[in-house]
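Peer 1: Sequence first, predicted model second:
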Amino acid sequence: MHLVGVSHPIQDARGKAAGRTRYAADLVLPRMAHVAMVFSTVPHGYVTSVDASQALALEGVYGVFHCFNTPEYRFNRYRSQYSQTLIPEEPVFARRVRFVGDRVAAVAARDLETARRAAALVQVEYQPLPCALTFEQALEGINCLEGESPIRDEFTMEIGTPPSLEEGLIAVTAHTELGRLHHAAMEPHVCVADYDPDLDELTLRSPNQSVHGIRTVVADMLGMPYSRVRVVKTTMGGSFGSKQEWTVEPVAAVVARQLRRPVKLVYDRAAVMRSIVCRGPMRAEMTMRFQPDGTLVSLDLDLLSDAGGYIANSSDYVHTLVGKMFRCYRIPYGRTHVRLVSSNTPVSGSFRGWSSPEVALMLEHTMEKAARVLDMDPVQLRLKNVLLPGERDPKSGLPMEEVRTRECLLLGAERFCWTEKRREDAAFNAASPRFRRGTAVACGGHGNTYYPRYNDFAGVEMRMCEDGSVQVEVSIHDHGCGTGMAFQMIVAEALELPIQQIRLKEADTAHTPFDFGCYASRGTFVVGRAAQLCALKLRDEILNVAAQKLDTTPDRLYFDGPSVRSKDSPEITLSYKDVSWYALGTLCRELTAQEKHAVRSNPGVTGTHFAHVEVDTWTGLTRVLDYLAVHDIGQSINPEMCAAQVQGAVQMGCGAALREEIEISSNGQSTCSLAKYHLMNAPDLPDIQVELIQDGRSQEGPYGAKSIGEVSFVPAAPAVAAAVNQALGSDMGRIPMTPDRIMETIAKEGR
Amino acid sequence: MSTCYIPKTVEELGGALGHLTEDSLILAGGTDLVLHLRAEHLQPDVLLSLCGVPQLRIIEITSEQASIGAMATMAEIHKAMDGLPDLQALADAAGGVGSPQIRNKGTIGGNAANASAAADLPPVLWLLNAQAEIMGPGGVRRTISVQELADGHQGNTLALGEVVLRFLIDRTAFTGWRSAFVKLGHRSQVTISRIGMAMALLQAADGTIQDARVVAGAIKPVPFPLPAAEAILRGKRPDPGLAVELGETFKGNTRRVYKENAAKGVFQDTLLRFQP
């Protein structure tokens, strides 16, 4: 291989660095209206009236749309596959508002300033309903209307065989509670919608993770044929799961259709933080039982999760969490009891890792406590319990294949100077009255597809141009991490072409094949494999046509760079251009290939992170002094971009562990400014070291690749949180460990 | 319809000030005002921009006095003051405001007149007994102490049509002093102060503190001096170990338990700045 495994700048690096790349918010269409939203100011209630007269009196306002003047269109923001039978619980314009930030009205005007000014003039009256803002209030059901139950979903799941004898086992219980997280993608949520009333065609352009998912939701909502709804994925400035749920697209579609004008809807930061989606809060009690030698025998999890204002994906999310629990450690028996409530707070939903990072915080917190109870070194305890090659995921039943968690632990402990650091910390802590240092490790597993929960496949089409260059049609949704370049490398490698000879754009329902979307870390593993297979098919096609031209059989030919040579006549060299011309001119057909790939595996993919922190016990501030992330990645396609993704994940994880939280005030207002949501920024991060272990190759991924985008985030917050507890000798389970919480713990426990 | 005035000289500014009404706004660096204009869709009858008066940006430091134009930016102040022992606290505070982008736009006049409780420069201006030179309509000037500039409710005492022209610090009162400012936020940079600590010490050759001034910010609506902390410091060396005792002086000054407890950490970080 000469392209795969060699670092390349991402496809749009030049455009982005120069500020030339066009995002959805940069798009301008003739006659386009700008839309501004009116959001609910109460956490729960009925909208009793909307007075838009002052707004409509402003020059340049085209219309104000709300539940009293617009047909009641409903949808489910989480629906991303035609086959999902989810209740369309969410109206485009709410009559019953369920959280501060719920959509009440949309104002369309000639420019954004006018639209926003008019939106501020819309007078909305509410009849308030009792609201639940906390777990306790939601459990009490104080926000339930008649016929509604406080528990929106509840289930118990058992996997494996319970231990025959409880006697002699050591039980360790840990309580973990997670706050709400904001995704903090740089680009906000945007949709440009264009409706042609004469052709009855709707075109939506937005940064999103599933063009076909949006098509399903919007076409069903509007009662339009799918083929008349076109969804185009625009260059995306980050998602982290927040653009996997449809919020702006249904609104823009409805307003464009009502107004019969193209519209652009751009949320600002406050709206994104409040009204799109957050990583929801969870409260967990986990008990692990060990044999005295540290072998994990069983696990109990009691989990309470809050969906927020709408259920959205929360029911699926907690079901998924149970499965994600088995992706790293050998758990012979696991029993989970899960309850889901719905409070009047921002909607919980998809977040990078899709419940793996959440369950990892619970697992690693308990594991950390167990190491102390068992008096075992945390690395040794993990070495004893990580899944090994040859073992299976007990929930899915699929082989873990060549999983390399053990190697990650060993390599990481050596590179991070684990033993030395732990010893030095102890000496430092004994000498320092103010600062405490801690070193900790965390492991975490994830998947590469949602298979076998659902069937998963991808399709790709290719055509060779007259000059021998290749156009690829594939529904990728680059989140900004260079999926486009990775795919060009995969295809170019297979076709032995320079990368510049491959044209590969992003998903567009009008042109690219059906695809479920780029989530579940399936992009490279599933869709990338389809691209590789399609390229191999095109190779066969090239050989077939070349054989006809040379009046021989394909087995007498071979590839030599981007050309075909004959084993029998060394002087013969056919360029791809020669072959393409022959196909077009003589055979009267285009050189094309079409391939689909249906996944049958989901190998183990894990990361092991090491964090060294220093806690200021006088101010509660924590500094991350040193960090190492070791990943079992199979074959990396574009190594430096993989490392960059890991570094970004560590940045998110440090913030999630130490600072970041959307808080809800007593009147239901949520944190909606980055001035009050304390992201971890570059000055506070150490040099994040990344090691990729590349010999645990997958059977089905392209060139043996496994996933990286989400798994990289899984162990990050757990490692930092564990290091803080190690530093303080504490057992904090409330995440994030903000300065205030650290100071409270110190005050309470007198450390 | 708004009128925007962009005077080019102090004299023109004096004339423009006469046009201001209760519905007018004054634009300095814009790092706060522009956000308000957008978020609240403000439509001032007059917007007076101070950006066009070069004289307002002048920083002039002599051995007797420091004169800092109201439109001097945080970045400029940091650069001009850094390394001057008595004025170091001002350099520290200006150099720690927001991000480099904010420091390139944000001004001392805006920071003081906007009078946010969490503003970093006011505690230092209080520490150094700065005076504010003010101009009103028609160019009428008066000078007040910075303590008089704050109204106690996160606003200022400027009358309609008044602006701050410059701040004056009498350096002769601080001959031989060193000063420092340390802030505690949620992170080390690009953060809003939860505690701002301005300290100035006059030390003997052996390090003994002969006189001390301590002013804290971001706790109450306006900065406040801590005479109890000053008393602890006098006669001692700036030993970081004093931080615990100094931290006790915060008790009763804030209802926030966190700030009360964290004060000793900020005291220690400040004392560390005075090590030989």
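Peer 2: On my side now, so go ahead. Residues are numbered from 1 along each chain as shown, chains lettered A, B, ... in the order given.
Peer 1: domain parsing for the chain?
Peer 2: Went with chain A since none was named. Residue ranges for the structural domains of chain A, counted by automatic domain parsing, are given in the record as A:13-129+A:184-275, A:349-448+A:603-749, A:457-598.
Peer 1: try again with chain B
Peer 2: Per the record, chain B has its domains at B:3-49, B:54-172, B:175-272, by automatic domain parsing.
Peer 1: So A:Val526 belongs to a helix, correct?
Peer 2: Yes: checked against DSSP: H, G, I helix; E, B strand; the rest coil, A:Val526 lies within a helix.
Peer 1: Report the contact partners of it.
Peer 2: Each residue near A:Val526 by Cβ atoms under 8 Å, 6 or more residues apart in numbering or on different chains is listed here: A:448-449, A:456-458, A:597, A:599. Yep, even glycine has a C-beta here, placed from its N, CA and C like the rest.
Peer 1: and the stretch 101-250 of chain B, which residues reach chain A?
Peer 2: Residues of the stretch 101-250 of chain B that fall close to chain A, judged by Cβ under 8 Å from any Cβ of the partner chain: B:184, B:186-192, B:243.
Peer 1: most neighbours, which of the residues you listed?
Peer 2: Ranked by the number of neighbours (other Cβ atoms under 10 Å in any protein chain shown), these place B:Leu184 first, at 25 neighbours.
Peer 1: Mean neighbour count, the domains of chain A: which tops it?
Peer 2: Taking mean count of other Cβ atoms under 10 Å in any protein chain shown as the contact definition, the stretch among the domains of chain A with the greatest mean neighbour count is domain A:349-448+A:603-749, which reaches a mean of 22.
Peer 1: State the mean pLDDT of it.
Peer 2: Confidence for domain A:349-448+A:603-749, expressed as mean pLDDT, is 97.
Peer 1: which SS class is A:Asp740?
Peer 2: Here A:Asp740 is recorded as helix under three-state DSSP.
Peer 1: Report the contact partners of the residue of the stretch 51-200 of chain A found nearest chain B.
Peer 2: As assessed by Cβ to the nearest Cβ, chain B sits closest to A:Arg117 within the stretch 51-200 of chain A, at 4.6 Å. Going by Cβ under 8 Å, 6+ apart, A:Arg117 touches A:58, B:41.
Peer 1: what kind of secondary structure is it in?
Peer 2: Applying three-state DSSP: A:Arg117 is helix.
Peer 1: Name the SS class of A:Ala510, please.
Peer 2: For A:Ala510, the secondary-structure state derived from three-state DSSP is coil.
Peer 1: Please name the nearest non-neighbouring residue to it.
Peer 2: With Cβ to Cβ, 6 or more residues apart in numbering or on different chains as the measure, A:Arg230 is the residue that lies nearest to A:Ala510, at 4.5 Å, once sequence neighbours are left out.
Peer 1: Could you tell me how far the one you found is located from A:His212?
Peer 2: Distance of A:Arg230 to A:His212, computed by Cβ to Cβ, to the nearest Å: 11 Å.
Peer 1: now A:Gly353
Peer 2: The value you get for A:Gly353 to A:His212, if Cβ to Cβ is used, is 23 Å.
Peer 1: And for A:Val472?
Peer 2: For A:Val472, the distance to A:His212 under the criterion Cβ to Cβ works out to 18 Å.
Peer 1: can you map out the strands along the stretch 101-250 of chain B?
Peer 2: For the stretch 101-250 of chain B, the strands defined by DSSP state E, counting those that start in this stretch cover B:131-135, B:141-145, B:163-170, B:177-184, B:195-203, B:209-217, B:224-225.
Peer 1: Each with direction, which strands does the second one pair with?
Peer 2: In other words, strand B:141-145. Partner strands and pairing direction for strand B:141-145 (DSSP bridges) are strand B:131-135 (antiparallel).
Peer 1: between the strand it pairs with and strand B:163-170, how big is the angle?
Peer 2: Calculated by axes from the mean of the first three to the mean of the last three Cα atoms, to 10 degrees, strand B:131-135 forms an angle of 150 degrees with strand B:163-170.
Peer 1: thought A:Thr608 was touching A:Ile633?
Peer 2: No: counting by Cβ atoms under 8 Å, A:Ile633 is not a contact partner of A:Thr608; they are 11.9 Å apart.
Peer 1: ok so, going back, would you list the residues of the stretch 101-250 of chain B next to chain A in a markdown table and tack on pLDDT?
Peer 2: As requested, those are exported to a markdown table (pLDDT from 0 to 100):
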| residue | pLDDT |
| --- | --- |
| B:Leu184 | 98 |
| B:His186 | 96 |
| B:Arg187 | 94 |
| B:Ser188 | 94 |
| B:Gln189 | 94 |
| B:Val190 | 94 |
| B:Thr191 | 95 |
| B:Ile192 | 95 |
| B:Ala243 | 97 |
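Peer 1: Tell me which of the strands of the stretch 101-250 of chain B sits most buried.
Peer 2: Compared across the strands of the stretch 101-250 of chain B, strand B:195-203 shows the largest average neighbour count, a mean of 26 (mean count of other Cβ under 10 Å).
Peer 1: Mind listing the strands that one pairs with, and their directions?
Peer 2: By DSSP bridges, strand B:195-203 pairs with strand B:177-184 (antiparallel), strand B:209-217 (antiparallel).
Peer 1: Quick check: the residue of the stretch 51-200 of chain A closest to chain B vs A:Val104, distance?
Peer 2: When distance is defined by Cβ to Cβ, A:Arg117 is 17 Å away from A:Val104.
Peer 1: Then A:Gly704?
Peer 2: With distances taken as Cβ to Cβ, A:Gly704 is found 51 Å from A:Val104.
Peer 1: before we move on, what about A:Arg79?
Peer 2: As judged by Cβ to Cβ, A:Arg79 and A:Val104 stand 23 Å apart.
Peer 1: Please apply the same query to A:Arg623.
Peer 2: With the distance defined as Cβ to Cβ, A:Arg623 ends up 44 Å from A:Val104.
Peer 1: Then B:Val190?
Peer 2: Here the distance between B:Val190 and A:Val104 works out to 34 Å (Cβ to Cβ).
Peer 1: same check, this time on A:Val472
Peer 2: A:Val472 is 43 Å from A:Val104, by Cβ to Cβ.
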